[in-house]
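A.B. asks: The sequence and its predicted three-dimensional model are supplied below.
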Amino acid sequence: MANDNIPRLPPSGIKVIVVGAGFAGLAAAIECDRKGHSVTLLEKVEDIEEIMRIGDIISFDPNGSKAFERWPGVVDKMEAIARQTTWLDLYHHEGKFATRQSFAHEKAWGRRINGHRGQLHNIIYQHAKARGVDIRLGKRVEDYFESDHPPEAGVVVGGERMAADVVIAAEGVRSRGRKMVLGFDENPKSSGYAVYRAWFPSDEVAKNPVIKHLVVNGDTHQGFIGPDIHFLASSIKGGKEVNWVFTHIDDGNIEESWQFPGKPEEALKYLGGWCPVVHELVKSTPPGRLIDHKLVYRDPLPTFISPQARIALIGDSAHPFLPTSIQGASQSIEDGVVLATCLELSGKSKIPLALRAYEKIRYGRVHRAQAMGPVTRERWHKADWNKVWKNPEMIHLIREPWLLNFDAERDAYEKYDEVAAALEPPRARL
């Protein structure tokens with residue numbers, strides 16, 4: 001039941017099914033509710049704690065956090081548990097300091113939220129519940145369908161059909177909605193890289209003289225760069241918790257297993273010749289706190305929407321990002337914002353136009369952002385240190401205003417009429 005104390009537009013009469021309660025799905029559901037649409041959110045896991053226990057760091061740049069500021073109370077709760085740093089210290093993998101990159105100037109663009117994936121997810125999930133969004137757990141979607149006669153889209157759950165005006169597929173890289181959009185099954189591929197991820201209390205780190213500097217003076221953020229590997233470490237909550245992550249070459253088959261428990265001793269095999277700080281941090285990782293996660297790659301899709309434009313892909317379902325882009329999460333939030341806005345502006349009678357406008361507004365921007373991931377990875381993994389020592393800014397992250405100083409909702413409101421007019425057949429405009 002909708003919470004009348006939370007601001008939203010008047011009812012639009014548009015019924016929306018969102019599939020997947022990750023960040024993309026929750027953002028889409030919340031934004032649709034803000035715009036007055038009626039939302040049902042389906043999630044396959046029966047216990048949402050399964051999602052919230054995932055223990056690694058996630059980042060939202062100013063362009064992503066704009067939406068959180070419009071959700072009452074959300075951004076302040078996020079900032080309370082976020083990493084309190086405005087810089088990144090970068091080192092050669094043998095331990096020599098190279099450069100500090102400051103992000104302080106980005107405050108003028110908006111808020112940077114970096115924190116525990118599960119804890120930030122819980123804040124958004126609780127806000128969706130507070131809004132009265134119809135969230136149904138333990139609902140695995142088996143298939144999608146759409147029709148012009150009657151004009152509807154829907155999903156099959158437990159052998160039963162559920163219909164709405166529009167379906168938003170936010171299930172991630174293995175989304176069944178992709179088949180509806182592409183017309184065929186497409187299996188994810190290994191990108192050739194995998195990531196070790198760890199998050200744990202910093203008690204033992206604080207006792208270790210080699211690495212205690214990472215946690216005893218509050219939050220820190222450091223990166224170590226070597227051949228075909230970059231290792232990022234940070235502390236959070238005043239140094240009470242620590243996390244580390246490193247990307248490495250992986251030649252495994254994505255179909256075998258794409259995420260499984262990792263062992264510190266196996267991670268260390270990739271780090272021969274690396275500095276003691278990195279080694280001690282990996283060795284300090286408690287049992288059960290390490291994940292080895294394959295980075296999934298997909299070719300850019302020709303479209304994000306189904307043939308009759310009543311089903312839309314968002315987030316990783318549409319465009320999986322490499323972690324080095326630092327934009328995957330923010331772009332998934334933008335997707336939900338823009339799609340909900342287009343539905344508001346189209347109205348119930350023109351759902352297909354709304355989805356085509358969503359795709360037109362998002363397609364170029366999201367692929368331009370997606371391309372930054374490999375650029376940053378190669379900048380680090382193939383760094384020419386003879387040149388880096390002369391110009392350390394060569395290894396700074398690419399932080400461009402067109403990407404970060406951006407309000408997806410405002411942009412959608414500004415562009416919709418022109419985009420819709422170009423997409424709509426002349427007779428339909430009469």
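C.D. replies: Now that the structure is in, tell me what you want to look at.

A.B. asks: from here on, contacts and neighbour counts on C-alpha atoms
C.D. replies: Will do.

A.B. asks: Could you list the low-pLDDT ranges of the stretch 301-430 of the chain?
C.D. replies: Counting by pLDDT under 70, the ranges of the stretch 301-430 of the chain that qualify are 426-430.

A.B. asks: Identify each of the helices in it and give its residue range.
C.D. replies: 328-346, 351-370, 372-381, 385-388, 401-404, 408-423 (DSSP state H, counting those that start in this stretch).

A.B. asks: in the third one, what counts as buried?
C.D. replies: Residues of helix 372-381 classed as buried by neighbour count (16 or more other C-alpha atoms under 10 Å): M372, G373, T376, R377, R379, W380, H381.

A.B. asks: Tell me which residues touch K77, please.
C.D. replies: Residues in contact with K77, defined by C-alpha atoms under 8 Å, 6 or more residues apart in numbering, are I123.

A.B. asks: Now do it, the pLDDT please.
C.D. replies: With respect to pLDDT, K77 scores 97.

A.B. asks: Tell me if I am right that it is in a helix.
C.D. replies: Yes: counting by DSSP: H, G, I helix; E, B strand; the rest coil, K77 falls inside a helix.

A.B. asks: Roughly how far does it sit from T86?
C.D. replies: K77 sits 19 Å away from T86, taking C-alpha to C-alpha, to the nearest Å as the criterion.

A.B. asks: Identify the residue spatially nearest to the residue nearest in space to the middle of the chain, adjacent ones excluded.
C.D. replies: In the chain, the centroid-proximal residue (C-alpha atoms, centre = their mean) is A329; its distance is 2.0 Å. Spatial nearest neighbour of A329, chain neighbours left out: F60 (6.2 Å); criterion: C-alpha to C-alpha, 6 or more residues apart in numbering.

A.B. asks: Tell me the helix or strand right after the helix or strand containing E280.
C.D. replies: Using DSSP states H and E, E280 maps to helix 276-283. With elements assigned by DSSP H and E, the helix or strand that comes after helix 276-283 is strand 290-297.

A.B. asks: Run the chain-centre distance for that following strand.
C.D. replies: Centroid separation for strand 290-297 versus its chain: 15 Å, with C-alpha atoms, centre = their mean, to the nearest Å.

A.B. asks: Next: stretch 8-20.
C.D. replies: With C-alpha atoms, centre = their mean, you get 22 Å for stretch 8-20.

A.B. asks: Same check on stretch 243-251?
C.D. replies: Distance, centroid of stretch 243-251 to centroid of chain: 18 Å (C-alpha atoms, centre = their mean).

A.B. asks: buried set for it?
C.D. replies: Those buried within stretch 243-251 under the rule 16+ other C-alpha under 10 Å are N243, W244, V245, F246, T247, H248, D250.

A.B. asks: Ramachandran angles for the residue nearest to the fifth one when sequence neighbours are not counted?
C.D. replies: Once its chain neighbours are removed from consideration, T247 has its nearest residue in V195; the separation is 4.4 Å (C-alpha to C-alpha, 6+ apart). Main-chain torsions, V195, degrees, to the nearest 10: phi -130, psi 130.

A.B. asks: same deal with the one 4 residues further on?
C.D. replies: The phi/psi pair for W199 (degrees, to the nearest 10) reads phi -150, psi 130.

A.B. asks: Number of residues surrounding it?
C.D. replies: 24 (other C-alpha atoms under 10 Å).

A.B. asks: can you check P11 too?
C.D. replies: P11, neighbours per other C-alpha under 10 Å, totals 13.
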